[in-house]
Structures are given as C-alpha cells and as structure tokens.
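Student: My questions are about this predicted structure, shown below with the sequence.
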Amino acid sequence: MPDLDYSRELSFHPKLVQQLFFMLNALMTSVSSNVLSAQTGGQGTKAELYRIVAEQLQSLIRAESDWIANLANAAALNFQSLPDLNWAGFYLLKDGELVVGPFQGKVACVRIQIGKGACGTAAETRKTVIVPDVHEFPGHIACDSASRSEIVVPLIRENELIGVLDLDSPSLGRFDDEDAVGLEAVAMVLAGSNAGNAENAGIAGNRKRRCDHDFAGRVRASARPEPHERHADELRRRDARSARL
Ligand code: SME
C-alpha cells in the first residue's frame, strides 16, 4: 500500500475561485430568468412578471424576520428578475433622512434629505415617482452616470414611511405605470412583512410622519396620472417650493 501524504493542503488559485464564482452567478441568473420566462409562458407581460416577483419575494421573506436580510434578498431578486436595470435597492428613513440600505449596483450616495432628488421626493409625497429622463428631473441626484431613468416607490408600514425602493435603468423611459403598480405590490409585500417594523429596522428613532397614502390610491393604475403629468406635477411643486423660499 503506497503511503498517502495527507499533509498537503488543498489549495485553489484565487483567480480560479473567482472564475468559478462568476460562472455560478451567471448560471443562477440565467436559471432565474429562464424560470421567470417559463412561468410567464415565454412572453410574459410586465404584470405577470411583477406578480411572480412578488410571489417569490413573499416566499423568500415569509420565514425570515430580519428586515435587512429581507431587503438584501429583495434587492437581489429585483436586480436579477427585472430587465434593463443598473441599480436596484433601498433607502431607509433614519432620523428624518434617507440612508442607503441593501442594494445591487454601483456604490451610491449614502444620505438623501427628504424632498431632495427622486428618492427624497417619493419620501416626501409618499407617492411613486417615475423619472423618464433623469437629466430632465430638477434636483436629480446622480449616483451612477449610466442611469437614464428611474422609479422610486415609498415603503409605508402602518401609515408611516419607513424608506423607499429605488430602481435605475440605463435606458430612457424604462419605467411606466405598469412598473409602478407592480413595484407598489412588491413594496406592500416588503413593508407588510413582520420584519418591517421600526425596532427591527433599527429606525425606532424616526419622527412619526402622518401618511395620506391609501392602498387603493397607490395601486389603481386608472386613478394614476400619466407619467408625464406626474413629472409636470413634480415640476410645479418644486417651483412652488422654491418660490416660497
Ligand atoms: N437618483 C436618486 C439617488 C439614488 S441613486 O439613483 C441610487 C435620487 O435622485 O434620489
């Protein structure tokens, strides 16, 4: 019987490990999008895609009570499942301002004041903000120069703002009312989860803010103004604000 040398440690070149990781990641992404494509009959509508994403999110977070863990998985799920994005993540309300939370994409600005940029506007109005062209949105906060359009959905739990869901796309006009409705359902799943309470999120010190938001108002597409009207509303509000200053 030959002597076996067990003293030699198994070692892998870091580049090989990195390559294996990228291959696995690519495989998982492709499996995930194929599953979504199969589930939506290969030619799924946006509404179907968002229904599946909301269902998958529900299963992902059902058994987990950690808010940050659930947001991290939600950011990854959105980034992998929804086409044509360069950033997907969350800003959380902490001590009266938005602080970056779990996300996928390039490094982002850390703090955003309520009322500033697309995120701060969604937080202030508690309404979904669709930005068809970031260069046309006054006060837009550019984190990734590749971003051309954006959508921000407020996360509301028990009538309190707890943060916003933010998606950026490298394409102009990537988001429409169907995206708004689908993402508002995703936001409801997240904010409605047991984990979305202030203590768990570490945001117990937030000032209480009244919310004039109701579920039907947010999700009824027919009741929503057209995106361009919404954008015009934002401009009018901004002008009125600066006139007051
Ligand atoms: N563009 C956002 C800032 C966040 S990044 O897009 C990740 C805004 O105007 O609020």
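Tutor: Noted; the coordinates are in hand. Numbers count the residues shown, from 1 in each chain.

Student: give me the number of residues near the residue in the chain that the ligand sits nearest to?
Tutor: For the chain, the residue positioned closest to the ligand under Cβ to the nearest ligand atom is Gly117, at a distance of 2.7 Å. Every residue, glycine included, has its C-beta placed from N, CA and C. Gly117 has 26 neighbours, counted by other Cβ atoms under 10 Å.

Student: Could I get the contacting residues of it?
Tutor: Remark: with contacts taken as Cβ atoms under 8 Å, 6 or more residues apart in numbering, Gly117 is in contact with Gly139, His140, Ile141.

Student: quick one: contacts for the last one?
Tutor: This points to Ile141. Applying Cβ under 8 Å, 6+ apart, the residues near Ile141 are Cys109, Ile112, Lys116, Gly117, Ala118, Cys119.

Student: Over the helix or strand containing Pro154, what's the mean pLDDT, rounded is fine.
Tutor: Take DSSP states H and E as the rule and Pro154 turns out to sit in strand 149-157. Across strand 149-157, the average pLDDT comes to 98.

Student: Which neighbouring elements make contact with that strand?
Tutor: Other elements packing on strand 149-157 under the criterion 3 or more Cβ pairs under 8 Å, 6 or more residues apart in numbering; DSSP states H and E are helix 117-125, strand 129-131, strand 160-169, helix 177-192.

Student: Reformat those as TSV; add mean pLDDT.
Tutor: TSV is the format used below for those (pLDDT from 0 to 100):
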stretch	mean pLDDT
helix 117-125	98
strand 129-131	98
strand 160-169	98
helix 177-192	96
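
Student: could you dump these to a markdown table with distance to Ile151?
Tutor: Conversion of the helices and strands packed on strand 149-157 to a markdown table gives the following (distance: least, Cβ to Cβ, whole Å):
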| stretch | distance to Ile151 |
| --- | --- |
| helix 117-125 | 8 |
| strand 129-131 | 5 |
| strand 160-169 | 5 |
| helix 177-192 | 6 |
